[in-house]
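dropping a prediction and its sequence here:
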Amino acid sequence: MTPARHPEHGPEGLCAAGTRLYERALREGHVTSADAAAAPCLVDFGLLHPALTDLDRLEPVAPAVALHRLLRSVEERIADERRREQLLTETFEPLMRMDGRRTGADEFPTASVLSGYGRIGRAITRAMADSSGELLTIQPHGQRPPEVHAEALARDQALLDRGGRIRTLYPHTLRHSLAVIARYEQLNGDVEARTLDEVTDRLIVIDRSVAFIPASKDRKLALEIRHPAIVGYLATAFDRLWRLATPMHPQAVRQPTLNGVTPRQHAIAALLVEGHTDAVIADRLGMNIRTARVHIAKLAATLGSESRAQLGYLIARSGILDREE
């Protein structure tokens, strides 16, 4: 009878046979090559290795060491993808600025490239000028240049004065930002704000008919999108994030703390287990790297971790990522 084929999977989804055999190897100190035939993934992922004195004897690698190796390989893959992303951006940015009159065109332009803060701001102001409907925004950062802040505040209030409504998503890190709080103290009308552990890059959707998104990392380039399918997709994505978010304004809801782990530390723990560096974690959660490291240190102290590799193992074992949001 032909033995069942071992299912393909990654180390993050270790099969049941592999889990049982690895646990046995940790308890007993070794297993045989014949034992490992049913779970070859343990050798492939570096969780078992042959003993120097007996190649038929397979000894387990310490979980903390194995986790560190696997996280490092994940970080390397992420870094490779980031480099590809940067190369693609550098390749296509100059092409996107070309006229494009010789390219195929629809009945209306799908997107227009806007260059410079001034031009981007004027395009948003024009799009909002006649709106009396709904403004949806995602703001990953709270600080804006004074002139940009004043312009945005004026056009937002004008929309509210015409009977419109504004809904904004921020990362949890800005729940107590004085700049964000001051902004809402200056606006009068139907305004709501909520927060999430992590939000996408900046997004503005006006009346579900036009959207603005960044086209470069420094946000000096933006896309003005008027294709109904794309704008509808972005608005739907916002709606789904909105339902998951925690109210911040006009009435703030306190975020719960579980077993001494704050919601912000919970978000950091999830990203740590995914293998992200401190810099990536800080950027994803809208905080500076020093603040991120302070939270990582507090999380390590709470879980009793003495090293970065051990912290990932303790997070996984603690079950804090299994709680319901």
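Received the coordinates, thanks.

need the contact partners of the lowest-mean-pLDDT helix or strand in the chain.
In the chain, no helix or strand scores lower on mean pLDDT, DSSP states H and E than helix 308-318, which sits at a mean of 75. Defining contact as CB atoms under 8 Å, 6 or more residues apart in numbering, one finds that helix 308-318 is touched by 63-65, 67-68, 71, 259, 269, 272-273, 296, 299-300, 303-305, 321. Where C-beta positions appear, they are placed from N, C-alpha and C, glycine not excepted.

mind running it again at 7 Å?
Helix 308-318 is touched from outside by 63-65, 67-68, 71, 269, 272-273, 300, 303-305, 321, with contacts defined as CB atoms under 7 Å, 6 or more residues apart in numbering.

CA-only coordinates of it in CSV, if you can.
Output in CSV follows, covering the C-alpha atoms of helix 308-318 (Å, rounded to 0.1, in the frame of the first residue of the first chain):
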residue,chain,number,x,y,z
ARG,A,308,14.2,38.7,20.6
ALA,A,309,14.0,35.1,19.5
GLN,A,310,12.5,34.0,22.9
LEU,A,311,10.0,36.8,22.7
GLY,A,312,8.5,35.5,19.5
TYR,A,313,8.3,32.0,21.0
LEU,A,314,6.6,33.3,24.2
ILE,A,315,4.1,35.4,22.2
ALA,A,316,3.1,32.3,20.3
ARG,A,317,2.9,30.2,23.5
SER,A,318,1.0,32.8,25.5
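
which residue packs closest to residue 267, ignoring adjacent ones?
In space, and not counting its chain neighbours, residue 267 is closest to residue 197: 3.6 Å by CB to CB, 6 or more residues apart in numbering.

need the longest helix for the protein.
Ordering each helix of the chain by length in residues (DSSP state H) puts helix 63-96 first.

which strands and helices sit next to that helix?
Where contact means 3 or more CB pairs under 7 Å, 6 or more residues apart in numbering; DSSP states H and E, helix 63-96 is packed against helix 308-318.

residue 91 and residue 168: what is the separation?
33 Å (CB to CB, to the nearest Å).

do you know how far residue 162 is from residue 84?
Applying CB to CB, the value for residue 162 to residue 84 is 45 Å.

could you do residue 177 as well?
For residue 177, the distance to residue 84 - CB to CB - is 34 Å.

same drill for those two, tell me which one is more crowded.
The neighbour count for residue 177 versus residue 84, taken as other CB atoms under 10 Å, is higher for residue 177 (16 against 10).
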